[in-house]
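In: Sequence below, structure please.
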Amino acid sequence: MKFNGYLATAALVTAATLTTAATLTGCAASGAQPAPPRAAASTATGQAGTGAGVEVATVRGPRIAVYQRKGASSPWRELASPNDYGAERVFLVERRDGEWLRVLLPIRPNGSTGWIRAGDVTLARTTHRVEVDPARFRFTVYDGARVLRTGKVATGRDGTPTPPGRYFFTELVRPPDPHGPYGAYAFGLSGFSPTLKSFAGGPGQLAIHGTDDAAALGTQVSHGCVRVGNADITWMAENLAIGTPVVVKG
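Out: Residues are numbered from 1 along each chain as shown. The predicted model follows:
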């Protein structure tokens with residue numbers, strides 16, 4: 001797996017269960033069998049955007065059709081599940097309209113949305129979210145309005161900035177060396193670098209990952225990823241789900 005060009009021989013994990021999987025090379029997972037994501041506490045039945053939290057859609061089959069418009073006769077594209085890293089494909093639901101869902105997509109350009117059929121996914125709800133404030137070099141994890149955890153971050157350099165926007169966690173990786181470039185864990189994000197179309201063979205995907213370099217926190221040092229301390233990323237890995245929304249403030 002490559003976010004900032006670091007090739008990891010990794011064990012995939014979910015937010016609930018640490019589980020060893022096959023080696024990841026570049027952007028392709030070979031035989032990885034991650035456990036189901038801990039996407040939410042319960043199945044959601046209400047309308048997206050109402051009540052507490054947001055809905056997360058987990059793809060049921062091996063592929064899902066994505067449409068540019070609800071009710072379109074032919075799909076705009078198809079996305080595989082598991083994704084390229086061996087994790088179950090999830091989407092953050094932005095809107096529900098009958099049997100159609102408008103979802104945030106993990107593609108370029110950042111913020112892209114599309115429509116999927118509700119019958120093709122399993123819906124669940126999460127009240128968690130992560131907010132990153134690059135100006136203050138802080139992250140905050142919320143459960144509804146309640147602050148669960150906050151801490152320092154490092155962000156992208158001027159030439160490789162961390163782009164503002166709304167994203168979600170797409171996979172979780174446990175690197176083999178917690179003292180390496182990714183720290184103890186790395187959450188892939190649904191967004192991409194605005195300046196790096198590819199990096200060391202990877203797609204320029206953003207991530208929130210750990211570091212044991214405390215001196216780097218509070219600085220602009222990365223290629224666009226958000227770095228947090230190893231204690232903080234470990235807490236996130238144990239408490240947050242694939243599909244959790246992430247807001248990077250502008």
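In: Tell me which helix or strand A57 sits in.
Out: In this structure, A57 sits in strand 54-59 according to DSSP states H and E.
In: CA atoms of that strand as CSV?
Out: C-alpha atoms of strand 54-59 as CSV (Å, rounded to 0.1, in the frame of the first residue of the first chain):
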residue,chain,number,x,y,z
VAL,A,54,-24.7,9.6,8.9
GLU,A,55,-25.3,6.5,7.0
VAL,A,56,-22.5,4.3,5.6
ALA,A,57,-23.2,1.9,2.7
THR,A,58,-21.3,-1.4,2.5
VAL,A,59,-21.4,-3.1,-0.9
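In: Can you give the distance of it from its chain's centre?
Out: Strand 54-59 sits 13 Å away from the centroid of its parent chain (CA atoms, centre = their mean, to the nearest Å).
In: Does it pack against any helices or strands, and if so which?
Out: Applying 3 or more CB pairs under 8 Å, 6 or more residues apart in numbering; DSSP states H and E, one finds that strand 54-59 contacts strand 90-97, strand 100-104, strand 121-126. For the C-beta atoms, the positions are set from N, CA and C on the backbone; glycine is no exception.
In: One more pass at 7 Å, please.
Out: Applying 3 or more CB pairs under 7 Å, 6 or more residues apart in numbering; DSSP states H and E, one finds that strand 54-59 contacts strand 90-97, strand 121-126.
In: Each with direction, which strands does it pair with?
Out: Strand 54-59 has the following strand partners under DSSP bridges: strand 90-97 (antiparallel), strand 121-126 (antiparallel).
In: In a markdown table, list those along with mean neighbour count.
Out: What follows is those, written out as a markdown table (neighbours: other CB atoms under 10 Å):
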| stretch | mean neighbour count |
| --- | --- |
| strand 90-97 | 22 |
| strand 121-126 | 21 |
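In: Figure out which of those strands is closest to D232.
Out: Taking CB to CB, strand 121-126 is the member of these nearest to D232, at 18.9 Å.
In: mind checking how far the nearest residue to P163 once chain neighbours are set aside is from E55?
Out: Distance criterion CB to CB, 6 or more residues apart in numbering; nearest residue to P163, sequence neighbours excluded, is P194 at 4.9 Å. Counting by CB to CB, to the nearest Å, the gap from P194 to E55 is 28 Å.
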